[in-house]
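# I'd like to go over a predicted model; first the sequence, then the structure.
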Amino acid sequence: MRVAFLTSGRFVPSSRFRVLQFVPHLQRLGHECLVLPSRPDKYSSLPLLGFRWSGLVKRWNRRSDLAALERWSPDVVILERELFSDGSCDLEQELRGIARRLVLDIDDGLFVLNRHKFEVLCGLSDQVIAGNDLLATRTRPINPCVTVIPTCVDVERYSQISNHKSQISNPPLILGWTGTAANIEYLEVLREPLKTLSREFDLELRVIAESDRPLRKLGFDRAGIRTRFVRWSEATEIAELCAFDIGLMPMRDTDWTRYKCGLKILQYMAVGVPAVASPVGVNSEIIHHGVNGWLATTPDEWLFVLRQLVSEPVRRAVVVEAARNTVEQRYSVTAQLPRLIACLEAVCAGQ
């Protein structure tokens with residue numbers, strides 16, 4: 001097949017994990033791939049222009065991409081989320097006139113942000129690929145042609161470290177979090193649990209993100225919680241995750257969060273780091289409490305679970321193998337690649 005991808009940007013998580021890591025595998029199997037990312041990234045701006053003028057640059061570049069697609073004539077075009085994070089649909093409608101087959105890929109509740117745009121994009125698409133069953137359920141009344149392909153990780157890159165720190169317990173114990181800077185605020189639920197634990201144990205909260213501004217705003221260090229910020233880099237991401245002893249994913253239960261795909265949990269599990277997460281949305285499907293990770297809702301529950309894990313290294317170690325197996329069997333590129341290919345072949349065949 002000749003497959004074209006319109007993505008949010010080179011370093012945007014949804015692009016990296018739902019498109020870019022699949023491309024080499026598709027090419028290895030003989031499929032031709034053309035990747036056209038937003039320039040600059042969909043959620044970024046050019047420093048000297050600001051967001052408004054950068055938006056015009058993005059729009060101009062996308063018109064150039066549509067011309068390239070018309071020349072390249074792919075069998076199927078995959079649109080990752082949407083072209084622009086605003087209410088416009090005009091270029092997607094032009095794309096529909098160019099693409100033989102159009103597939104919309106979603107990994108968030110876009111209908112929460114703009115229901116009308118979401119309905120338009122689903123209506124334009126021959127097929128929708130949803131990151132989880134909850135997204136699929138909300139999509140089928142608009143477009144019944146939905147395939148569920150969860151957000152995955154490439155487990156070959158996330159090779160497990162045999163002598164992981166959690167089994168050695170050298171202080172300080174690192175409780176880690178990774179994600180976009182906009183989601184750092186979800187750590188607020190851990191303020192009191194981490195304050196209490198910091199008085200009992202030698203701990204460090206380590207945060208990996210592209211900016212530390214939201215973390216400084218939380219002021220955990222001023223509350224007596226030893227905190228270290230690590231600027232995200234694709235080159236060092238996996239090594240930094242491997243340094244964690246416990247991976248954290250606290251999250252409020254809202255219309256937006258319950259449709260997320262649990263990526264950071266999968267990253268922790270893939271590198272052999274025991275994960276603790278809020279039981280929101282797909283998190284409860286990925287984690288079986290006490291078997292391949294732990295779930296906690298209230299500050300008291302977080303304190304109870306984390307105190308057990310911090311004080312008992314063996315308790316952390318016992319879930320590592322089951323967690324890794326969960327990722328390999330259900331949430332890996334290897335596991336989901338055949339499903340993606342079958343979906344695209346069916347779309348190209350008009351099925």
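Thanks, I have it.
# tell me how many other residues crowd Ser64.
12 (other Cβ atoms under 10 Å). Bear in mind the C-beta positions are built from the backbone N, C-alpha and C, glycine included.
# please identify the buried residues of the helix or strand it falls within?
Taking DSSP states H and E as the definition, Ser64 sits inside helix 50-72. Neighbour-count burial for helix 50-72 flags Ser54, Gly55, Lys58, Arg62, Asp65, Leu66, Leu69 (criterion: 16 or more other Cβ atoms under 10 Å).
# can you add pLDDT and distance to Phe11 and give those residues back as JSON lines?
Compiled in JSON lines, the buried residues of helix 50-72 are given as follows (pLDDT from 0 to 100; distance: Cβ to Cβ, whole Å):
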{"residue": "Ser54", "pLDDT": "87", "distance to Phe11": "16"}
{"residue": "Gly55", "pLDDT": "87", "distance to Phe11": "18"}
{"residue": "Lys58", "pLDDT": "91", "distance to Phe11": "15"}
{"residue": "Arg62", "pLDDT": "96", "distance to Phe11": "18"}
{"residue": "Asp65", "pLDDT": "97", "distance to Phe11": "18"}
{"residue": "Leu66", "pLDDT": "97", "distance to Phe11": "23"}
{"residue": "Leu69", "pLDDT": "97", "distance to Phe11": "23"}
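# and the angle for the helix or strand just after the helix holding Ser64 with helix 50-72?
Following helix 50-72 in sequence order, the next helix or strand is strand 76-80 (DSSP H and E). Computed with axes from the mean of the first three to the mean of the last three Cα atoms, to 10 degrees, the direction of strand 76-80 lies at 170 degrees from that of helix 50-72.
# contacts for strand 76-80, please.
In this structure, residues lying in contact with strand 76-80 by Cβ atoms under 8 Å, 6 or more residues apart in numbering are 1-8, 14-15, 18-19, 69, 92, 95, 98-105, 121, 125, 129, 344, 347-348.
# do the same with stretch 33-44
Contacts for stretch 33-44 (Cβ under 8 Å, 6+ apart): 2-12, 15, 19-20, 23, 26-27, 46, 54, 57-58, 61-62, 65, 68-69, 72, 74, 81, 83-85.
# and that stretch, what's buried?
Residues of stretch 33-44 classed as buried: Cys33, Leu34, Val35, Leu36, Pro37, Ser38, Arg39, Pro40, Asp41, Lys42, Ser44 (neighbour count, 16+ other Cβ under 10 Å).
# output the residues you listed in TSV, with distance to Ile287, secondary structure and pLDDT appended to each entry.
Listed next are these as TSV, based on distance: Cβ to Cβ, whole Å; DSSP: H, G, I helix; E, B strand; the rest coil; pLDDT from 0 to 100:
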residue	distance to Ile287	secondary structure	pLDDT
Cys33	33	strand	98
Leu34	37	strand	98
Val35	32	strand	98
Leu36	36	strand	98
Pro37	32	strand	97
Ser38	32	coil	96
Arg39	37	coil	94
Pro40	35	coil	92
Asp41	30	coil	92
Lys42	30	coil	93
Ser44	32	coil	87
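# re the thing from before, can I get the helix holding Ser64 in CSV, CA atoms only?
What follows is helix 50-72, C-alpha atoms only, in CSV (Å, rounded to 0.1, in the frame of the first residue of the first chain):
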residue,chain,number,x,y,z
GLY,A,50,4.0,34.0,18.2
PHE,A,51,1.0,31.6,18.1
ARG,A,52,-1.2,33.7,15.8
TRP,A,53,1.3,34.2,13.0
SER,A,54,2.7,30.8,13.4
GLY,A,55,-0.8,29.5,12.8
LEU,A,56,-0.7,31.1,9.4
VAL,A,57,2.6,29.4,8.7
LYS,A,58,1.1,26.1,9.7
ARG,A,59,-1.9,26.7,7.4
TRP,A,60,0.3,27.6,4.5
ASN,A,61,2.4,24.5,5.0
ARG,A,62,-0.6,22.3,5.2
ARG,A,63,-1.9,23.6,1.8
SER,A,64,1.5,22.6,0.5
ASP,A,65,1.0,19.2,2.0
LEU,A,66,-2.3,18.8,0.3
ALA,A,67,-0.7,19.5,-3.0
ALA,A,68,2.0,16.9,-2.3
LEU,A,69,-0.7,14.4,-1.5
GLU,A,70,-2.4,15.0,-4.7
ARG,A,71,0.8,14.4,-6.6
TRP,A,72,1.8,11.3,-4.6
